[in-house]
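In: Whatever this is, show me its structure:
(3 chains)
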Amino acid sequence: MICVQKKMRLPAVRRGFHLITDLVTAELPELEQVKAGTLHVFIQHTSASLCINENADPTVRHDFEQFFNRAAPENAAYFRHTLEGPDDMPAHLKAAMLGSSVTVPVTNGELNLGTWQGIYLGEHRNDGGRRWLVLTLLGV
Amino acid sequence: MICVQKKMRLPAVRRGFHLITDLVTAELPELEQVKAGTLHVFIQHTSASLCINENADPTVRHDFEQFFNRAAPENAAYFRHTLEGPDDMPAHLKAAMLGSSVTVPVTNGELNLGTWQGIYLGEHRNDGGRRWLVLTLLGV
Amino acid sequence: MICVQKKMRLPAVRRGFHLITDLVTAELPELEQVKAGTLHVFIQHTSASLCINENADPTVRHDFEQFFNRAAPENAAYFRHTLEGPDDMPAHLKAAMLGSSVTVPVTNGELNLGTWQGIYLGEHRNDGGRRWLVLTLLGV
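Out: Residues are numbered from 1 along each chain as shown, chains lettered A, B, ... in the order given. Take a look at the predicted model:
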């Protein structure tokens, strides 16, 4: 059995959704050794998220940002957690809706994503800085 | 350690939520060999989703479809990703909210779901066709 | 390879979001044996959820409850699944949006959560009772 685990730091990005598939696989030359298994990608933050979606048309990422800004708007009258700025509480809510990790099958040395799938970083803060990921590759 | 991985194709279904637990387990006679582990079920598409919910009353699936159609409505004025039809961008958003995979514990040769739990396919396109899954069973 | 699986029962809590990280790790002295791997935490219910979010300020959990009550309100006119009470169908929807499981990396004998991350139980029923979890620890 193969178990490889690595911590990696993403570059800082502006608020919105960003494809990070290539950044993740670049950290894992060990993928080549795995015939069958899974890759777990985990983000160690509560105001950014990971999900899988369309990897081609940048307007999808634009529409994601617009949609989730409306789904979890800033300055809701009932928010009590307001000390860290108006973008903070919506960021926590978006992270919970979208998720803190993705698990992707690994087959014959590669991520077994569909043709149109990529891993999205959802950066939900205005100034989130560099985010940490923990990658765990399990398989045979 | 046991690691079994299979690709399977679901039958085409109409837009909405559909129980697929039995279709998935039918592909995995190897479940019997696993005393303890996990099954990862991954959908290779960005306009359909997987989640776990109530396996008995079909009105739950009806209400899911009604709810998510309102949560991510078609023809939002700010959508830019519109070339693939009015059901496409909402489908991507629903897939992100619900998720692209589920992981279920496996115990003594069976999925260790609660009494009322089943695996839902969320088909979010009007004509999504047959969807591909990748199943990864890891355990001892 | 190490594979440890346990079922545990949570104490009954009131409707809302509750930190359960310490309850989970207390069930798993075997964590100490794992240098690298993952912990899968699964809830065997369809009206309660698991997610990862902010572990410090209780107002975040307050705001979560307020937000999700508005996102999936009771008594929607189109609901057909109403026999189990007005809190039931919204509970199913919240469980689907938030998720039935979390997977957390394990590193050097501990959950490798970020500084501000904890595991939330989302109890979405008014009287949900004691909930069952299945924990699966996989690693080396």
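In: wait, what's in contact with the residue of chain A found nearest chain B?
Out: Nearest residue of chain A to chain B, counting by CB to the nearest CB: A:G114, 3.1 Å away. The C-beta positions use only the backbone N, C-alpha and C, and glycine is treated the same way. Taking CB atoms under 8 Å, 6 or more residues apart in numbering or on different chains, we find A:G114 in contact with B:43-46, B:132.
In: can we see that at 6 Å?
Out: Residues in contact with A:G114 (CB atoms under 6 Å, 6 or more residues apart in numbering or on different chains) are B:44-45.
In: Surely it forms part of a helix?
Out: No - A:G114 is assigned coil when assessed by DSSP: H, G, I helix; E, B strand; the rest coil, not a helix.
In: do you know how far A:L19 is from B:L98?
Out: Plainly put, A:L19 is 20 Å away from B:L98 if you go by CB to CB, to the nearest Å.
In: Please apply the same query to A:V60.
Out: From A:V60 to B:L98 the distance is 16 Å (CB to CB).
In: neighbours around A:S100, how many?
Out: 26 (other CB atoms under 10 Å in any protein chain shown).
In: number of nearby residues for A:H92?
Out: Considering only other CB under 10 Å, A:H92 is surrounded by 25 other residues.
In: State whether A:L50 is indeed within a strand.
Out: Yes - counting by three-state DSSP, A:L50 is found in a strand.
In: Work out which residue lies at the spatial centre of chain A.
Out: Residue closest to the average C-alpha location in chain A (CA atoms, centre = their mean): A:L50, at 2.2 Å.
In: element containing the closest residue to it other than its chain neighbours, please.
Out: Distances taken as CB to CB, 6 or more residues apart in numbering or on different chains put A:V102 closest to A:L50, at 4.9 Å, once the chain neighbours are dropped. In this structure, A:V102 is located in strand A:101-107 according to DSSP states H and E.
In: can you pull the contacts of the closest residue to chain C within chain A?
Out: Residue nearest to chain C within chain A: A:Q44 (3.1 Å; CB to the nearest CB). Contact analysis of A:Q44 by CB under 6 Å, 6+ apart lists A:132, C:114.
In: Please report how far it lies from C:P105.
Out: Taking CB to CB as the measure, A:Q44 falls 9 Å from C:P105.
In: Am I right that A:V34 is in contact with A:G139?
Out: Yes - between A:V34 and A:G139 a contact is recorded at 4.1 Å, counting by CB atoms under 6 Å.
In: any residues in contact with both of these two?
Out: A:2, A:106.
In: Need the residues that contact stretch A:70-86.
Out: For stretch A:70-86, the external contacting residues (CB under 6 Å, 6+ apart) are A:89-90, A:93-94, C:57, C:59-60, C:62-63, C:66.
In: what about 7 Å?
Out: Contact with stretch A:70-86 is made by A:87-90, A:93-94, C:57, C:59-60, C:62-63, C:66-67, as judged by CB atoms under 7 Å, 6 or more residues apart in numbering or on different chains.
In: and A:L121, bridged to which residues?
Out: Here A:L121 sits in beta bridges with A:H18, A:L50, as judged by DSSP bridges.
In: That one is in contact with A:L50, isn't it?
Out: Yes - between A:L121 and A:L50 there is a contact at 6.5 Å, judged by CB atoms under 7 Å.
In: thinking again about what came up before, give me the sheet partners of the strand holding A:V102 and which way each runs.
Out: Paired neighbours of strand A:101-107 in the sheet (DSSP bridges): strand A:36-43 (antiparallel), strand A:110-111 (antiparallel).
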